[in-house]
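> sharing a model prediction with you, sequence too.
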Amino acid sequence: EVQLQASGGGFVQAGGSLRLSCAVSGFTFDDYAIGWFRQAPGKEREGVSCISSSDDSPYYADSVKGRFTISSDHAKNTVYLQMNSLKPEDTAVYYCNADSYFSRATYWGQGTLVTVSS
């Protein structure tokens with residue numbers, strides 16, 4: 001059974017930090033790009049960051065560059081998103097996603113809520 005277990009959300013003041021975790025199971029970790037999306041109230045879901053599980057090359061949306069860092073632990077099949085210098089506009093439900101390199105398979109985890117107060 002494929003599972004993406006997201007955790008680490010919470011409430012933080014502007015300028016603070018949080019670390020999100022996405023623990024995956026049920027598929028070959030290195031065969032997927034793992035990423036984070038977010039959806040703020042009244043807005044469409046947007047891509048935040050992703051990482052290639054094969055070579056750990058990262059991608060960041062312009063809005064989070066220099067503040068967020070994505071990393072992966074292959075031994076734990078877990079991807080992390082370190083979020084620093086958080087802003088109120090980062091408030092959203094954050095979702096973990098896995099996209100296969102070899103098929104159209106894509107999986108989503110449950111969301112984790114991040115709330116940043118001004």
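Happy to help now that I have it.

> which parts of this structure are strands?
Here the chain has its strands, by DSSP state E, at 3-7, 10-13, 18-25, 32-39, 46-52, 58-60, 68-73, 78-83, 92-100, 106-108, 112-117.

> columns mean neighbour count on top of those, output as TSV?
All C-beta atoms are positioned from the backbone trio N, CA, C, and that covers glycine. Shown next, in TSV, are the strands of the chain (neighbours: other Cβ atoms under 10 Å):
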stretch	mean neighbour count
strand 3-7	17
strand 10-13	14
strand 18-25	20
strand 32-39	22
strand 46-52	19
strand 58-60	15
strand 68-73	18
strand 78-83	23
strand 92-100	21
strand 106-108	14
strand 112-117	17
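
> quick check: bridge partners of the residue most central in space within the chain?
Nearest to the mean C-alpha position of the chain, by Cα atoms, centre = their mean, lies W36 at 2.7 Å. Beta-bridge partners of W36, counted by DSSP bridges, are S49, C96.

> that one reaches L81, doesn't it?
Yes: shown here, W36 and L81 form a contact pair, counting by Cβ atoms under 8 Å, at 5.1 Å.

> are there residues contacting both of the two? Which ones?
By Cβ atoms under 8 Å, 6 or more residues apart in numbering, W36 and L81 have these common neighbours: L20, C22, V48, S49, I70, Y94.

> what residues are up against the nearest residue to R45 once chain neighbours are set aside?
Spatial nearest neighbour of R45, excluding adjacent residues (Cβ to Cβ, 6 or more residues apart in numbering): Q39 at 4.2 Å. Residues in contact with Q39 (Cβ under 8 Å, 6+ apart) are R45, E46, A92, V93, Y95, G111.

> now with 10 Å?
Applying Cβ atoms under 10 Å, 6 or more residues apart in numbering, we find Q39 in contact with R45, E46, A92, V93, Y94, Y95, G111.

> could you find the closest non-adjacent residue to Y94?
Of all residues not flanking Y94 in the chain, R38 sits nearest, at 4.8 Å (Cβ to Cβ, 6+ apart).
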